[in-house]
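In: After the sequence you'll find the predicted model.
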Amino acid sequence: MNRFARNMLARASGGSVALSRVWPGRTDRLIIAPHDLRTADATRAAEIYAGRFVFAGKIVNCHGRSIFDLEPPSEDWEVALLGFGWLRHLRAADTALTRANARALVEDWISNPNNKRRAVARRADVLARRVISLLSQAPLVLNDTDNKFYRRYLRALAREIRLLRYTMVDIPDGVPKLQVLIALCYASLCLANQAGQIRSASKKLSDELQRQILPDGGHISRNPGALIELLIDLLPLRQTFAARNIAPPPALLNAIDRMMPMLRFFRHGDGNFALFNGMSATPSDLLATLLAYDDTHGAPMANMPHTGFQRLDAGQTTVIIDTGPPPPAGVSHDAHAGCLSFELSSGISRIVTNCGMPTTGRDNWRPFARGTAAHSTLTYHETSSCQFVEMSAMKRLLHGSPVTSGPVEVESYREIVQNGTLLTTSHDGYLAKFGAIHRRVLMIANDGARIDGEDTLSPPQGGRFKGADADYALRFHLHPAVKASRLSDARGVMLVLPNRDVWTFEALDDKVDLEDSVFLAGNDGPRRTAQIVIRQDARQAPSIRWSFVRSTASPAVTNARRNARREPELPL
């Protein structure tokens, strides 16, 4: 009933002129426009003027009709259209023609009665994105316009903000909730007569940042991509507070300071993020923009205990490991069953990855991508270590498919040993159903030329495996740029990297297979790749030892040795 009442109030605020005059937060002018850090492409302005709208890999031609009257080819495309982020491309062109085109499109949106009935348009995260876009691109739309359009623009913007303010009940937890609060903060700072709203919006945003941004700087959803999505709005928000001569909330400053080091933590040598918990292709343009605001420029931290990740760096080699339980159910709609999975890179070449998620068409791949088999870890009896909501009716009610069960106890212990760094981890995701605990030990050599690992399945002390079958598979998904060929003894795989470095995977006691896999997080969509697979039975062979070793004949090693020989000896 509460949800119904709030929705009815929101609808009334959008359609009643009389009610809007007494509604809290009435405004009569725009004071400031926030900066948009997202990359703009001026060449896309010509496409939009020609009636070609390219979003989420789909193209729609208007052919003289209103773009808002056409049937969207996909939900991702509709989200991009109704978020109005494309206005920044028109602003980048900065011509009288593009400004007129922007005004015409906004006027079309304001005057089209069908827009109020579009479900996606009223979705909280889309509405928040649209409010931020209309505020940040206001100079484009309002430049050289008349007072009549200016008033109509502000009234439409005020309606969107009121609708956003009174749809808080239906907002999914996590990033969408923060995006709504960020949009409301922007609105209170950018519009006149909003002093009371500034205090209220700042307080709500501060409370939510303290809840969602963990002490080590990770997001509560454990999705690395959430950091990019949030920082690209939080950094301009900090600037907007300063432009209004208002001190930013300490929680906002603290959250940014904690989140920035996490950008470097999740980066491989090629600049891409590790693929955990719903991470897609890294938006390199946005990441470069964010890193320009990072004043520390230090080495990435090794341990993120609150978010649940470990990083091993040695020489040019990097290993990033998921050592945390699944996030709380309310923010687990994109969480994956990848506990103890890891990614390996050498220099600018990624070697072992998880499959990740595609940028578009995520719903088609989601069931596979979230499963444990899509991660570089151990899968027991072809079962994921986490279970998700599968009934379609429950998915609609819960705004997605959250995690219903998974690892409860996830342990990790890190120590420096004589020859390198040793990481000992375990999780109990298979304990309740199969009576098995997965333990993974990783050791990286001091020079980064060797990674040794051991995966073990064992019942708890005094227990035994449940069920008749105890089969399991150990998987290492390879990056598409890696060329893999199985060795003649079927106990190893030779891996040739794009820079001609050669690594060898070995499991001397077990047969190694090369099977097909898919890399979902490519910039050009899903790509075919390979995976190293070892299959065993936990009752007969509960442990598998394996290693990745860089060949001493690799160009990187040879050049390093050549450079070392050329260095002059230091005087005694």
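Out: Arrived safely, thanks for sending.

In: contacts, neighbours, all on C-alpha from now
Out: Noted.

In: for the protein, which spans come out with low pLDDT?
Out: 1-28, 168-170, 296-298, 390-400, 553-572 (pLDDT under 70).

In: how far out from the middle of the chain is the lengthiest strand in the chain?
Out: Longest strand in the chain, counting residues (DSSP state E): strand 527-537. Offset of strand 527-537 from its chain centre (Cα atoms, centre = their mean, to the nearest Å): 25 Å.

In: Alpha carbons of the helix or strand following it, as PDB, please.
Out: Counting by DSSP states H and E, the next helix or strand C-terminal to strand 527-537 is strand 543-550. The C-alpha coordinates for strand 543-550 follow below in PDB (Å, rounded to 0.1, in the frame of the first residue of the first chain):
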ATOM      1  CA  SER A 543      44.000 -32.900  -4.900                       C
ATOM      2  CA  ILE A 544      45.500 -31.500  -8.200                       C
ATOM      3  CA  ARG A 545      48.800 -29.700  -8.400                       C
ATOM      4  CA  TRP A 546      49.600 -27.400 -11.300                       C
ATOM      5  CA  SER A 547      51.900 -24.600 -12.300                       C
ATOM      6  CA  PHE A 548      52.300 -21.800 -14.800                       C
ATOM      7  CA  VAL A 549      55.900 -21.200 -15.800                       C
ATOM      8  CA  ARG A 550      57.400 -18.600 -18.100                       C
END
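
In: same for strand 543-550, what does it pack against?
Out: Here strand 543-550 touches strand 450-458, strand 502-506, going by 3 or more Cα pairs under 8 Å, 6 or more residues apart in numbering; DSSP states H and E.

In: Give me the contacts around the shortest one.
Out: Residues outside strand 502-506 that contact it (Cα atoms under 8 Å, 6 or more residues apart in numbering): 491-497, 546-551, 553-554.

In: Can you give the domain ranges for this structure?
Out: Annotated domains of the chain cover 1-170, 188-300, 307-560 [automatic domain parsing].

In: Identify, out of the helices and strands packed on strand 543-550, the most deeply packed stretch.
Out: A comparison of the helices and strands packed on strand 543-550 by mean neighbour count, using mean count of other Cα atoms under 10 Å, puts strand 502-506 on top with a mean of 22.

In: Adjacent strands (with direction) for that one?
Out: strand 492-496 (antiparallel), strand 543-550 (antiparallel) (DSSP bridges).

In: These: which one's closest to Arg464?
Out: Ranking those by their distance to Arg464 (criterion: Cα to Cα) puts strand 543-550 first, at 15.5 Å.

In: Just the angle for the closest one relative to strand 527-537, thanks.
Out: Between strand 543-550 and strand 527-537, the angle comes out at 140 degrees (axes from the mean of the first three to the mean of the last three Cα atoms, to 10 degrees).

In: Kindly calculate the angle that strand 543-550 makes with strand 450-458.
Out: Using the same axes, to 10 degrees: strand 543-550 against strand 450-458 is 170 degrees.

In: Pull the distance from the helix or strand encompassing Ile416 to the chain's centre.
Out: Per DSSP H and E: Ile416 is located in strand 410-417. Strand 410-417 has its C-alpha centroid displaced from the chain centroid by 27 Å (Cα atoms, centre = their mean).

In: so what secondary structure elements neighbour that strand?
Out: Judged by 3+ Cα pairs under 8 Å, 6+ apart, strand 410-417 is in contact with strand 420-427.

In: which secondary structure elements does the strand it packs on contact?
Out: Contacts defined by 3+ Cα pairs under 8 Å, 6+ apart place strand 420-427 against strand 410-417, strand 437-445.

In: quick one on the thing from earlier: any chance of the domains of the chain in JSON lines, with distance to Leu181 too?
Out: What follows is the domains of the chain, written out as JSON lines (distance: least, Cα to Cα, whole Å):
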{"stretch": "domain 1-170", "distance to Leu181": "8"}
{"stretch": "domain 188-300", "distance to Leu181": "6"}
{"stretch": "domain 307-560", "distance to Leu181": "16"}
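
In: for those, which one sits closest to Ile182?
Out: Closest of the domains of the chain to Ile182 is domain 188-300, at 6.8 Å (criterion: Cα to Cα).

In: Check the separation of the first and last residues in that closest one.
Out: Start-to-end span of domain 188-300 (Cα to Cα, to the nearest Å) is 36 Å.

In: if we can go back for a sec, out of the helices and strands packed on strand 543-550, flag the one nearest Arg264.
Out: Between Arg264 and these, the tightest spacing by Cα to Cα is seen for strand 450-458, at 21.8 Å.

In: what residues does that closest one touch?
Out: Identification of contacts with strand 450-458 by Cα under 8 Å, 6+ apart yields 378, 436-445, 464-465, 538, 542-550.

In: Write a PyMOL command that selects only the buried members of those.
Out: Those of the contacts of strand 450-458 that count as buried under 16 or more other Cα atoms under 10 Å are selected in PyMOL with:
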select buried, resi 378+436+437+438+439+440+441+442+443+444+445+465+538+542+543+544+545+546+547+548+549+550
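
In: From the chain's centroid, how far away is the helix or strand encompassing Ile182?
Out: In the assignment (DSSP H and E), Ile182 maps to helix 175-190. The chain centroid and the centroid of helix 175-190 are separated by 19 Å, computed with Cα atoms, centre = their mean.

In: what does stretch 235-244 give?
Out: How far stretch 235-244 lies from its chain's middle: 24 Å, per Cα atoms, centre = their mean.

In: If you drop the residues flanking it in sequence, what lies closest to the spatially most central residue of the chain?
Out: When Cα atoms, centre = their mean is applied to the chain, the residue found nearest the centroid is Gly225 (1.9 Å). Leaving out its chain neighbours, the residue that sits closest to Gly225 by Cα to Cα, 6 or more residues apart in numbering is Met279, at 5.4 Å.

In: where's the one you found, which helix or strand?
Out: In this structure, Met279 sits in neither a helix nor a strand according to DSSP H and E.

In: and it, what does it touch?
Out: Asn223, Pro224, Gly225, Phe273, Gly356, Met357, Ala521.
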